[in-house]
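Participant: I'll drop the sequence and a predicted model, then ask my questions.
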Amino acid sequence: MTALAESLPGSSVLTAPPAPTTSLAVEFRDVGRSFPAIDGARTVLRDINLTVQPGEVLAILGASGCGKSTLLRAVGGLDSGSTGQILVGGSAVRPYDPRTAVGFQEPRLMPWRTLHQNVSLGLPPGIGRAEGRENVDHLLDLVGLAEHADLRPREVSGGMAQRTSLARALARQPGVLLLDEPFGALDALTRLRMQDLLLDVHAKTATTVLLVTHDVDEALQLADRILLLGQDPAPGSAPGATTRTVVTVPGERPRDRGSAELAHLRTELLGGLGVDAHRH
Ligand SMILES: Nc1ncnc2c1ncn2[C@@H]1O[C@H](COP(=O)(O)OP(=O)(O)OP(=O)(O)O)[C@@H](O)[C@H]1O
């Protein structure tokens, strides 16, 4: 029998200050990516130019297949085929760049290890045993899992597994946290709770966050700015998704999910994604 435990983060008193994170800027300069195709090459991304400020949360929004994950992977140094330049903290991205950490839609935990051990896997190499243990304790506390540190992934809910995965990414003390649809597989309520948790975590670590999402409301709730990617609809424009718009989201977080100003922006962004908001 699986003991399915669920707990909510929020009220725990943090025992130690968060490990210092140096949040880093991310600069995209004329970034593009093409993949080989039968008839030569297929351009997926082109002409991306944007600077993400240290500590900023940027949501990357776009239709399925437009290249969001490809762009994120390039920032993490998980894909070396892009053109142009991507700078992290002012210098070029390195392969599997240690200044970044990636969180995925599925938590990708080691099933035979405890939550504590799984988070420890994210620690930077060379960190002392005692310091590492303290950091992991702190992160588990931050994501509301201190009480469940000794459970294994199969014993916890999807939301808890996803929180463990977030703690593991943070264990690396990344200058840039890269999140690819991190809450996409969760039920609607857990998803909203995870969004609130991410805001808490961001307030405490101040790391730069690049968040790929399909969800306009999630982008409006979490981001300082939203990068909308898509094919330029003008006749004759070059193929490949590019910056359709970069929107600054008004208001302090946490934002009122029902605000009229956000509703207006939501309609605009859905329009940019080719969805008629009035039919939904
Ligand atoms: N290694 C690869 N080789 C060939 N084509 C690829 C490769 N990786 C990605 N692509 C193509 O690039 C395009 C963009 O893929 P990507 O996964 O970045 O899109 P996405 O916007 O993240 O999609 P989704 O929202 O559905 O996750 C897709 O058409 C995909 O098939």
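Facilitator: Thanks, I have the structure now.
Participant: and the stretch 51-200 of the chain, which of its residues are near the ligand?
Facilitator: Residues of the stretch 51-200 of the chain lying close to the ligand (Cβ under 6 Å from any ligand atom) are 62, 64-70. For every residue, glycine as well, the C-beta is placed using N, CA and C.
Participant: wait, which of the residues you listed is closest to residue 257?
Facilitator: residue 62 (22.1 Å; Cβ to Cβ).
Participant: From residue 75, how far off is the closest one?
Facilitator: Between residue 62 and residue 75 the distance is 15 Å, computed by Cβ to Cβ, to the nearest Å.
Participant: residue nearest the centroid of this protein?
Facilitator: The C-alpha lying nearest the average C-alpha coordinate of the chain belongs to residue 179 (Cα atoms, centre = their mean; 2.0 Å).
Participant: Contact partners for it?
Facilitator: 102-103, 169, 198, 209-212 (Cβ atoms under 8 Å, 6 or more residues apart in numbering).
Participant: Please apply the same query to residue 36.
Facilitator: Contacts of residue 36 by Cβ under 8 Å, 6+ apart are residue 42.
Participant: Next SSE downstream of the helix or strand harbouring it?
Facilitator: In this assignment (DSSP states H and E), residue 36 forms part of strand 26-37. Next along the chain after strand 26-37, taking DSSP H and E as the criterion, comes strand 40-52.
Participant: Alpha carbons only: can I get that following strand in PDB?
Facilitator: Taking C-alpha atoms only, strand 40-52 is exported to PDB below (Å, rounded to 0.1, in the frame of the first residue of the first chain):
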ATOM      1  CA  GLY A  40      17.800  21.400 -45.900                       C
ATOM      2  CA  ALA A  41      17.100  23.000 -42.600                       C
ATOM      3  CA  ARG A  42      14.000  24.000 -40.700                       C
ATOM      4  CA  THR A  43      14.200  27.300 -38.700                       C
ATOM      5  CA  VAL A  44      12.500  26.900 -35.400                       C
ATOM      6  CA  LEU A  45      13.600  30.200 -33.700                       C
ATOM      7  CA  ARG A  46      15.100  33.300 -35.100                       C
ATOM      8  CA  ASP A  47      16.100  36.900 -34.100                       C
ATOM      9  CA  ILE A  48      15.500  36.600 -30.400                       C
ATOM     10  CA  ASN A  49      16.900  39.700 -28.600                       C
ATOM     11  CA  LEU A  50      16.200  40.300 -25.000                       C
ATOM     12  CA  THR A  51      18.000  41.000 -21.700                       C
ATOM     13  CA  VAL A  52      16.500  39.400 -18.600                       C
END
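Participant: Which secondary structure elements does that strand sit against?
Facilitator: strand 26-37, helix 68-75, strand 225-231, strand 241-248 (3 or more Cβ pairs under 8 Å, 6 or more residues apart in numbering; DSSP states H and E).
Participant: and the next element down the chain from it?
Facilitator: Sequence-wise, the next helix or strand downstream of strand 40-52 (DSSP H and E) is strand 57-62.
Participant: angle of that following strand against helix 68-75?
Facilitator: 140 degrees (axes from the mean of the first three to the mean of the last three Cα atoms, to 10 degrees).
Participant: one step back: ok, what's across the strand from the residue nearest to the centre of the chain?
Facilitator: The partner list for residue 179 in beta bridges (DSSP bridges) reads residue 103, residue 211.
Participant: Look up how far the ligand lies from it.
Facilitator: From residue 179 over to the ligand the distance is 12 Å, taken as Cβ to the nearest ligand atom, to the nearest Å.
Participant: Could you do residue 234 as well?
Facilitator: 21 Å.
Participant: residues in contact with that residue?
Facilitator: Contacts of residue 234 by Cβ under 8 Å, 6+ apart: none found.
Participant: my guess is it is in a strand, correct?
Facilitator: No: checked against DSSP: H, G, I helix; E, B strand; the rest coil, residue 234 lies outside a strand; its state is coil.
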